[in-house]
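**Student:** Everything below, folded, please.
(one chain, ligands or ions: 2)
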Amino acid sequence: MKKPSSEKLTPQKRSRPLTVAGIMSGTSADGIDVALVRIAPPRGPQNDLPRLRLLAHVAVPYPAAFRRRILQMMNAECASVAEMSRLHWRLGQMYADAVESALQKHPMQVDLVGCHGQTIYHQGVAAPFLGGRVACTWQMGEASAIAARLGVPVVSDFRPADIAVGGQGAPLVPLLDTVAFHHPTRNRVLQNLGGIANLTVIPAGASQQEVFAFDTGPANMAIDALMTELFGRKYDAAGATARRGRVLDAVVRNCLRDRFFHAPPPKSAGREQFGREFVARFLLDCRKKSKQREDAVATATALTARSIGLAWRDFVAPALSDAPTDYIVAGGGVRNATLMKMVREELAVFGTIKVKTSDEFGMPAAAKEAMAFALLAYRTWRRLPGNLPRATGAERAAILGKITYA
Ligand SMILES: Nc1ncnc2c1ncn2[C@@H]1O[C@H](COP(=O)(O)OP(=O)(O)O)[C@@H](O)[C@H]1O
Ligand SMILES: [Mg+2]
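**Tutor:** Ligands and ions are numbered 1, 2, ... in the order given. Predicted structure coming up:
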């Protein structure tokens, strides 16, 4: 165990650059991404955004049995409290392992850790419960286990502070999107294709208050579930299965009738909307139209693309100026060539939109969300807010997360 270093680093006191390890494990439950990021304070008072440099990125897949257990636990109708408690601690250990292995490959001194945790339940919209109304969110992974092992403070549990001020607790990546991609003369739309698909809209020259973001619907979550069910695989590598299949249009159209796709932003989704029950219904629908397994995967892939097209038509296009538009994609879905092709086709009707990946901007598609939580940890450490109220629907900006000292 390393010597605690918290006394060297007091929130807000010093504005020196920090090296922050951002830890992300998303709803796909594919594993843990660690981004080691150098974050420097803004250059001058007129520019209030920090400067980021990615030093290294390491991805650590979850062992198969571990992933199965997490997927079972997410949105489980019935789960043992002892199991939940154990999983929470085991995740903390896994996160510490992941950072340690990143630091073995890329030796450096880390000042601070930002850990998103594994979402086990997320309900961004308040609903009646026991005589009151609650929205809630729960990310597992005990931060004390990380802080004790690494000997540095850990910021974790970012989402509740936004929910507490009326937000949906998601999405939280838009601040990074704004810091890294804001452009004076180009519209920038940042698309993430993780378990869920979400996008951030940054009109050319927009102020932070004009940036908005929302989830467009399922992405890899549904595709992965179908691949596991029908082919015994974790995901559709390069989109090869979807490419062989035929899109069942009627099924896509039927899915798109769901209120979620038509509700104006802010809105967020997770396994609660597009998890097990959704996939079971979806598969039943597909099987009524076709016996080909590939067709179900092609149809889920098309649903992702069409829901993005729909969101673009209804919510994105009206917010953009006449300036040229870059559509910058990140997340594991970038590697699904069929999905990327379908998305390109959807957007082609909206004029010349340049489709790029975040890699082209020096930000590896798989590292972006982990970088976002490094940035959010840095903001919290400096007692600065991390949510964008227009993105989450919060009444105000809030300092996110909880600090665990080493
Ligand atoms: N080579 C690939 N081909 C197709 N899909 C891939 C590939 N690599 C990763 N993916 C998809 O990306 C997902 C992980 O994306 P990620 O951005 O980490 O999502 P999350 O944030 O939900 O964890 C995997 O579950 C898989 O569906
Ligand atoms: Mg992931």
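**Student:** show me what contacts residue 119?
**Tutor:** By Cβ atoms under 8 Å, 6 or more residues apart in numbering, residue 119 lies in contact with 26-27, 74, 137-140, 270. C-beta coordinates here come from the backbone N, C-alpha and C atoms, glycine included.
**Student:** make that residue 114, sorry
**Tutor:** Contacts of residue 114 by Cβ under 8 Å, 6+ apart are 20-23, 154-156, 158, 373-378, 380, 401.
**Student:** Assign a three-state SS to it, would you?
**Tutor:** strand (DSSP: H, G, I helix; E, B strand; the rest coil).
**Student:** Who is it paired with across the strands?
**Tutor:** Beta-bridge pairing for residue 114 (DSSP bridges): residue 22, residue 155.
**Student:** The one 5 residues further on too?
**Tutor:** Residue 119 has the following beta-bridge partners by DSSP bridges: residue 139.
**Student:** can you check residue 123 too?
**Tutor:** Here residue 123, judged by DSSP bridges, has bridge partners residue 136.
**Student:** how far does stretch 166-178 stretch from start to finish?
**Tutor:** Its first and final residues considered, stretch 166-178 spans 22 Å by Cα to Cα, to the nearest Å.
**Student:** what about the closest residue to ligand 2 within the stretch 201-350 of the chain, how many neighbours?
**Tutor:** Here the stretch 201-350 of the chain gets closest to ligand 2 at one residue, residue 332, 6.1 Å apart by Cβ to the ion. Number of residues near residue 332 (other Cβ atoms under 10 Å) recorded here: 21.
**Student:** what's it in contact with, if anything?
**Tutor:** Neighbours of residue 332 in contact, by Cβ under 8 Å, 6+ apart: 28, 30, 193-194, 220, 235, 365-366.
**Student:** circling back: which members of the contacts of residue 119 additionally contact ligand 2?
**Tutor:** residue 26 (Cβ under 5 Å from the ion).
**Student:** what two of the contacts of residue 119 are the furthest from one another?
**Tutor:** Taking Cβ to Cβ, the two most distant members of those are 26 and 138; they sit 14.8 Å apart.
**Student:** if you count what's nearby, which of the two comes out ahead?
**Tutor:** Set residue 26 next to residue 138 and count neighbours by other Cβ under 10 Å: residue 26 wins out with 22 against 16.
**Student:** if we can go back for a sec, looking at the contacts of residue 332, which are in helices?
**Tutor:** Taking DSSP state H, the ones among these that sit in helices are residue 220.
**Student:** Tell me the one among the contacts of residue 332 nearest to residue 112.
**Tutor:** Using Cβ to Cβ, those come closest to residue 112 at residue 366, 21.6 Å.
**Student:** what's the burial count for that closest one?
**Tutor:** For residue 366, using other Cβ under 10 Å, the count is 23.
**Student:** for it, what are its contacts?
**Tutor:** 33, 57, 59, 330-332.
**Student:** at 7 Å instead, please
**Tutor:** 33, 57, 59, 332 (Cβ atoms under 7 Å, 6 or more residues apart in numbering).
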